[in-house]
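S.K.: Here's my sequence, what's the structure:
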Amino acid sequence: QVFPTLVGDMDNSGSLNAQVLQLVAERIRTKAVFQTHQAKFVTWQFDGEYRGDDCTATLTLGNPDLLGESVILVAHFLQSVTPRLVLGGEMVYHRRPGEEGAILTLAGKYTAQKWVATLNVGYGGAHASYYHRANEQVTV
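M.R.: This is a model prediction of the structure:
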């Protein structure tokens, strides 16, 4: 894709939601998201994503403010260990004057023929899910 794709809308009050997508290479994509509320920037975010044959890595920079010395940085990584098992993690780093912190979460997903189980473990605790397909009409 030579030229970036721009998608956006503006409401009656002048607030704007816009995304700019760019396929840099076959496996690398970038995205910029901008949101304004009555001519004031509310959110701006920049993403870079790499999709390999058996892994995905994403880096997100949210609301960077060099003058105010604040930023949110999120990094994701998922790796297929086997055709059924995917492991990965997420690191969230935030900084603003007088406050700085990072949170690490580890994740796993196992896919069987009729069910899928996931587990996320991190600073905020653990979250597990289980989905089972009994037949074409019923999924629990």
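
S.K.: Check the gap between Leu66 and Arg95 for me.
M.R.: 12 Å (C-beta to C-beta, to the nearest Å). Where C-beta positions appear, they are placed from N, C-alpha and C, glycine not excepted.

S.K.: make that Ala39, sorry
M.R.: 27 Å.

S.K.: partners of the helix or strand of the chain with the lowest mean pLDDT, with directions?
M.R.: None of the helices or strands of the chain scores lower by mean pLDDT, DSSP states H and E than strand 5-10, at a mean of 79. Strand 5-10 has the following sheet partners, assigned by DSSP bridges: strand 16-25 (antiparallel).

S.K.: Now Ser13: phi and psi?
M.R.: phi -90, psi 0 (degrees, to the nearest 10).

S.K.: hang on, isn't it packed against Gln38?
M.R.: Yes - applying C-beta atoms under 8 Å as the test, Ser13 and Gln38 come out as touching, 5.6 Å apart.

S.K.: Surely Leu73 and Leu61 touch.
M.R.: Yes - with contact defined as C-beta under 8 Å, Leu73 reaches Leu61; the gap is 5.9 Å.

S.K.: Next one: the nearest residue to His94 once chain neighbours are set aside, what pLDDT does it get?
M.R.: In space, and not counting its chain neighbours, His94 is closest to Ile72: 4.8 Å by C-beta to C-beta, 6 or more residues apart in numbering. With respect to pLDDT, Ile72 scores 93.

S.K.: And the contacts of the host helix or strand of Ile72?
M.R.: For Ile72, the host element (DSSP states H and E) is strand 70-80. By C-beta atoms under 8 Å, 6 or more residues apart in numbering, the list of residues contacting strand 70-80 from outside reads 54-65, 86-97, 107.

S.K.: do stretch 32-48 as well
M.R.: Contacts with stretch 32-48, where a contact means C-beta under 8 Å, 6+ apart, come from 8, 13-20, 28-31, 58-64.

S.K.: okay, it in CSV with CA atoms only?
M.R.: Extracted C-alpha coordinates of stretch 32-48, given in CSV (Å, rounded to 0.1, in the frame of the first residue of the first chain):
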residue,chain,number,x,y,z
ALA,A,32,-2.4,6.7,14.1
VAL,A,33,-5.7,7.5,15.9
PHE,A,34,-6.8,11.1,16.7
GLN,A,35,-9.8,12.2,18.6
THR,A,36,-10.9,15.8,19.3
HIS,A,37,-13.7,17.3,21.4
GLN,A,38,-14.8,20.7,20.2
ALA,A,39,-11.4,21.6,18.6
LYS,A,40,-9.3,20.2,21.6
PHE,A,41,-7.2,17.1,21.2
VAL,A,42,-8.5,14.4,23.6
THR,A,43,-6.7,11.3,22.4
TRP,A,44,-3.9,10.6,20.0
GLN,A,45,-2.3,7.3,19.7
PHE,A,46,0.4,5.7,17.4
ASP,A,47,0.6,1.9,16.8
GLY,A,48,3.2,-0.3,15.1
